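A.B. asks: What shape does this take:
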Amino acid sequence: MTELREVESEAIALKLREELARRRISRQALADMARISLSTLEKALSGSRPFTLATVVRIEDVLGTPLRQHAPATATADTALAPENMGSYSRPAVRWIEGAYVTLRPSFDNPGQIYAYHTEIFWDDAAGHLCFAEAKRADAAFAQAGFVSMPNLSGHTYLVTSEAGQFRTIILGRATRERRMFGLLSTLQVGAGSQLVPVACPIALVPDSQLPEAEFGVVGDASARAGDYREILNMALASDFCRWRQ
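C.D. replies: Modelled structure (predicted):
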């Protein structure tokens, strides 16, 4: 039984939840059609257990849609180029960015506090380009996954979620000597009722090795990490990695 990597499993879970909602299929119905237990499906969707390759293949067959990204079989990790619309970068040229990061941004619902979660950037051999996936979010249902664009023209890095015509974008400036990246997040925030409202804010990605025993979720003043997190996040504006205009 081959279990998928955590970040791959999370990306599949995100896409599958959206497919179920769009098609209005219950989890029980999908489990029955794919001949898997509901418990197995629930644990994979919640992130408590990774998907296995066999389970994903069965679900893909039932839905008639790929949940994994594929690329021509001739492409190899070190010779493939990312698509032109992502910057045509090669694997050797972007190895430096691969890894796990503690991600910091202002909390939307708790003014003055910081929201922290985990982001992993990795090379997808099948797709032939960099991908990213989020984890350890307090609002796990809204965890994002997508592709990474690195055009030479601007020198910036873009983490893009693209689902059914809806986009969420993180624009990051050049990494510092410590491999920290700062920039701007553009997304949607839940407003009154079911309304979604466009929102933007500074964001920081710090290699997780630099923040041992990191705290995730909403981090308030009472936390021992609050001061460190706020000092790091303030660098986004203070060092001109992004600009806030009204």
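A.B. asks: Geometric centre of the chain: which residue is closest?
C.D. replies: residue 133 (2.9 Å; CA atoms, centre = their mean).
A.B. asks: did I read that right, it in a strand?
C.D. replies: Yes - using DSSP: H, G, I helix; E, B strand; the rest coil, the assignment for residue 133 is a strand.
A.B. asks: For it, list each beta-bridge partner.
C.D. replies: residue 120, residue 145 (DSSP bridges).
A.B. asks: Run through the neighbouring helices and strands of the strand or helix carrying residue 203.
C.D. replies: Using DSSP states H and E, residue 203 maps to strand 196-207. When contacts are defined as 3 or more CB pairs under 8 Å, 6 or more residues apart in numbering; DSSP states H and E, strand 196-207 sits against strand 99-106, strand 166-172, strand 181-190, helix 226-238. No exception for glycine: its C-beta is placed from N, CA and C like everyone else's.
A.B. asks: can you redo the ones you listed as TSV with mean neighbour count and distance to residue 246?
C.D. replies: Formatted as TSV, the helices and strands packed on strand 196-207 follow (neighbours: other CB atoms under 10 Å; distance: least, CB to CB, whole Å):
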stretch	mean neighbour count	distance to residue 246
strand 99-106	21	16
strand 166-172	17	19
strand 181-190	19	14
helix 226-238	16	13
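A.B. asks: quick one: which of these is nearest residue 216?
C.D. replies: Across the helices and strands packed on strand 196-207, residue 216 has its closest neighbour in strand 99-106 (8.0 Å, CB to CB).
A.B. asks: Pull the closest one out as PDB, backbone CA atoms only.
C.D. replies: In PDB, the C-alpha atoms belonging to strand 99-106 read as follows (Å, rounded to 0.1, in the frame of the first residue of the first chain):
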ATOM      1  CA  GLY A  99      11.100  23.100   1.600                       C
ATOM      2  CA  ALA A 100       8.800  23.700   4.500                       C
ATOM      3  CA  TYR A 101       8.000  27.300   5.700                       C
ATOM      4  CA  VAL A 102       6.200  28.900   8.600                       C
ATOM      5  CA  THR A 103       3.800  31.300   7.000                       C
ATOM      6  CA  LEU A 104       2.700  34.500   8.800                       C
ATOM      7  CA  ARG A 105       0.000  37.000   8.000                       C
ATOM      8  CA  PRO A 106      -2.300  39.300   9.900                       C
END
